[in-house]
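1. predicted coordinates and the sequence they were generated for:
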Amino acid sequence: MTFEYAPAPESRSVVDIAPSYGLFIDGEFTEAADGKVFKTVSPSTEEVLAEVAQAGAEDVDRAVKAARRAFEKWSALPGSERAKYLFRIARIIQERSRELAVLETLDNGKPIKETRDADLPLVAAHFFYYAGWADKLDHAGYGADPRPLGVAGQVIPWNFPLLMLAWKIAPALATGNTVVLKPAETTPLSALFFADICRQAGLPKGVVNILPGYGETGAALVEHPDVNKVAFTGSTAVGKAIARQVAGTRKKVTLELGGKGANIVFDDAPIDQAVEGIVTGIFFNQGQVCCAGSRLLVQESIHDELLDSLKRRLSTLRLGDPLDKNTDIGAINSAEQLARITALTEQGEAEGAERWSPACELPTSGYWFAPTLFTNVTQAHTIARDEIFGPVLSVLTFRTPDEAVAKANNSQYGLSAGIWTEKGSRILAVANKLRAGVVWANTFNKFDPTSPFGGYKESGFGREGGRHGLEAYLDV
Amino acid sequence: MSDVTRLGVFKTYKLYVGGKFPRSESGRVYEVTDSKGKWLANAPLSSRKDARDAVVAARKAFGGWSGATAYNRGQILYRIAEMLEGRREQFVREVADAEGLSKSKAAAVVDAAIDRWVWYAGWTDKIGQVVGGANPVAGPFFNLSTPEPTGVVTVLAPQESSFLGLVSVIAPVIATGNTVVVIASEKSPLPALSLGEVLATSDLPGGVVNVLSGRTAEIAPSLAAHQDVNAIDLTGADEALAKELEIAAADNLKRVLRPQPGDFSEAPGTHRLTAFLETKTVWHPTGSLGASGSAY
């Protein structure tokens, strides 16, 4: 006998989305200089949520000038005062977290379970954490009285819109910088709501400026001569373009880019926990996570047993309305991303890997992709090398720990990895050899504001989170 | 006995690559003179192929050197200081010639360079505690961040400070477990090439430091673009070359150090130690102690 779930939708009434939004510059909402606008849609229904002003080069200049004007006073404030603004922001986010969770789910397509239990708590915690640093920078290990850089130009992605905003803005403000931030074109709304939180917190005008727009807006921001610091999270291709763009300028840059994380399961691993970890690793946020465990490396002797368990588990995942509290898999963020995932999985089949998905009915409107496994994958396959950024897991096998390490490290990326084994010394030995910035042992996709996050190799440079995350915004 | 003065024996200056002393594969040399224009030696004029060979040697050495204990690396760096102390007179002469310094000033430079090896020898097993540590995450997890070496680092040694500057840019890079391909001062490469002889007798594994001499602007672009180089230090590059190299380095997202000009006789601080370190953070559940022991 099977039990059916009754629908359990979270109410939309908690959030009030205006029909249109402006740019947030110098404490005011304003239209773009050229009057351009774009629409943001809900990826689960394709419903238009709002019309948003699209910042051009002139608006970037306006915002950078506002941030520059604000910098003098903001950086001269006692750290203890800056701290209190950030604590206020953290508290207001906590107060408004249900509203923001629903908003984020609508604009991004990810399940409410995730925005409610992961994104929003982490956003508030991040501001709370860096608030506490603002008056303790003398003790952070960067010398006495470390100075801020100036105006930070920040470009963030659509996969964790508000969380990525928090990762960028909290340390920047704590250290005394002012900010011009460009949210992703498909998910501008939570950043614009954040502008309202700045208003409620009484943040001085110009300290935070929000410029929705496309790639050109980001490029104009990165290029602006009066920007002292560039922080980017997104694709490795754009990261490289930014590194070229700022060459010779002495702008400080941090890049948090792509990944192809290896999740390594040894034959002595607790299978049930490992299966949960594999699912979290690749299906959290529909796999649209730079540190996703997108390559499963299974010890050959347990391959069949593990795959059977994994397939059984995938068959129980619930895909559908992201606002439903029982939903595990939400919508893909955009038609463009869906097309990319589709193309890469077709290539996986064409190159000879074996494709499997659970029986799974996809909604008729919106952007959807069923959880997908590929077996018989070799290291040369495109789906084992390129970041898919979707709910697609490539399964490879290994025989010895050395082979597991060699395969895990055989990637241009080096952001994350997972290890599943009951043997402590093996965890430490393998973790030691993996060229990845974050290693999760017997767990996966855990985040915390105190824990530095960032990559090796072409996954970027610099760390976000923890004491390490301060360095990116200090002149040291 | 006749009173004919004994004719000195010249040294053939050679590169130091993979623990060996090759000439440039190109067979080319260039004339090195002292500050007054007097001939000192013919130094190898390294080619792009020499640079690629040096990267292969540095990559091969990386596993062993980065995997050595920090204590072991510290002892080897200290051994370099010991070996230099024994050849102090030679380096005083070479630095005086290279930089046009009086003997006493050159001696002060060499002494400072020896002391700099001692300073970094002591850092190898301390930097991990200074920049790493436990992170108090809000959950039942053990969470530890540790620094790890970035990998193969190309260093453009300072053009003016041919010895103290050179030591000041390579010692911090290898102290933390990276391996190095260094392009010596173009005008004054001889102290760097002689340093190779010291490194070769200091228990430093071959390939950890590789010394090239020649035209910086000829060798550096291929290293900045090399896909198996992880980082580049642009100390010895002028503005135009630095920009060109930064653009090339973006291709595989090398870590780029572009320091402000500084005085190498000043206390170095930790900036160069941390420039080529990655931070690795490892999580593990702490579980709870139930009747049957730990669980997660």
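-> Noted; the coordinates are in hand.
2. so which residue is dead centre in chain B?
-> residue B:170 (2.3 Å; Cα atoms, centre = their mean).
3. flag every residue of the stretch 351-476 of chain A that's near chain B.
-> Within reach of chain B by Cβ under 8 Å from any Cβ of the partner chain, the stretch 351-476 of chain A has these residues: A:412, A:427, A:431, A:434, A:436-443, A:446, A:448, A:450-454, A:456-458, A:460-461, A:463, A:466-468, A:476. From N, CA and C alone the C-beta is placed, and that goes for glycine too.
4. drop anything exposed from those.
-> A:412, A:427, A:431, A:434, A:436-443, A:446, A:448, A:450-454, A:456-458, A:460-461, A:463, A:466-468, A:476 (16 or more other Cβ atoms under 10 Å in any protein chain shown).
5. and those residues, which of them are in strands?
-> A:438, A:439, A:440, A:441, A:460, A:461 (DSSP state E).
6. list the buried residues in the lengthiest helix in chain A.
-> Longest helix in chain A by number of residues, with DSSP state H as the criterion: helix A:57-76. By 16+ other Cβ under 10 Å, the buried positions in helix A:57-76 come out as A:57, A:59-68, A:70-71, A:74-75.
7. filter those residues by proximity to chain B?
-> Of the buried residues of helix A:57-76, not one also sits near chain B (Cβ under 8 Å from any Cβ).
8. interface residues of chain B facing chain A?
-> Neighbours of chain A within chain B, by Cβ under 8 Å from any Cβ: B:130-131, B:133, B:135-139, B:141, B:143, B:145, B:150, B:230, B:239, B:242-243, B:246-247, B:249-253, B:255, B:258, B:271, B:278-285, B:296.
9. can we see that at 7 Å?
-> B:130, B:135-139, B:141, B:143, B:145, B:242-243, B:246-247, B:250-253, B:255, B:258, B:278-285, B:296 (Cβ under 7 Å from any Cβ of the partner chain).
10. which pair in the ones in strands among the buried ones among the residues of the stretch 351-476 of chain A next to chain B spans the largest distance?
-> Using Cβ to Cβ, these span at most 23.8 Å, a distance reached by A:441 and A:461.
11. show me the contacts for residue 185.
-> In the absence of a named chain, this looks at chain A. Residue A:185 makes contact with A:38, A:213, A:214, according to Cβ atoms under 7 Å, 6 or more residues apart in numbering or on different chains.
12. nope, chain B please
-> Applying Cβ under 7 Å, 6+ apart, the residues contacting residue B:185 are B:157, B:158, B:159, B:162, B:192, B:236.
13. what mean pLDDT does stretch B:182-191 have?
-> For stretch B:182-191, mean pLDDT is 98.
14. how about stretch B:165-174?
-> pLDDT averaged over stretch B:165-174 gives 98.
15. what's in contact with that stretch?
-> By Cβ under 7 Å, 6+ apart, stretch B:165-174 touches B:77, B:113, B:116-117, B:120, B:153, B:155, B:157-158, B:180, B:182, B:184, B:191-192, B:195, B:208-209, B:233, B:235, B:264, B:268, B:272-273, B:276.
16. make it 8 Å
-> B:65, B:73, B:77, B:113, B:116-117, B:119-120, B:123, B:153, B:155, B:157-158, B:161, B:180, B:182, B:184-185, B:191-192, B:195, B:204, B:208-209, B:233, B:235, B:264, B:268, B:272-273, B:275-276 (Cβ atoms under 8 Å, 6 or more residues apart in numbering or on different chains).
17. quick one, which of those residues are buried?
-> B:65, B:73, B:77, B:113, B:116-117, B:119-120, B:123, B:153, B:155, B:157-158, B:161, B:180, B:182, B:184-185, B:191-192, B:195, B:204, B:208-209, B:233, B:235, B:264, B:268, B:272-273, B:275-276.
18. show me the shaky parts of chain A.
-> Scanning chain A for pLDDT under 70 picks out A:1.
19. all the strands of chain B, in order from the start?
-> Under the criterion DSSP E, strands of chain B are mapped to B:29-33, B:39-44, B:133-134, B:141-149, B:152-156, B:179-183, B:209-212, B:231-233, B:255-257, B:277-285, B:288-290, B:293-295.
20. nearest to residue A:259, of those strands?
-> Nearest to residue A:259, of all those, is strand B:277-285, at 14.2 Å by Cβ to Cβ.
21. strand partners (parallel or antiparallel) of the closest one?
-> Using DSSP bridges, the strands paired with strand B:277-285 in its sheet are strand A:438-441 (parallel), strand B:141-149 (antiparallel).
22. now the ones you listed in JSON lines, with distance to residue A:203?
-> Below are the strands paired with strand B:277-285 laid out as JSON lines (distance: least, Cβ to Cβ, whole Å):
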{"stretch": "strand A:438-441", "distance to residue A:203": "31"}
{"stretch": "strand B:141-149", "distance to residue A:203": "31"}
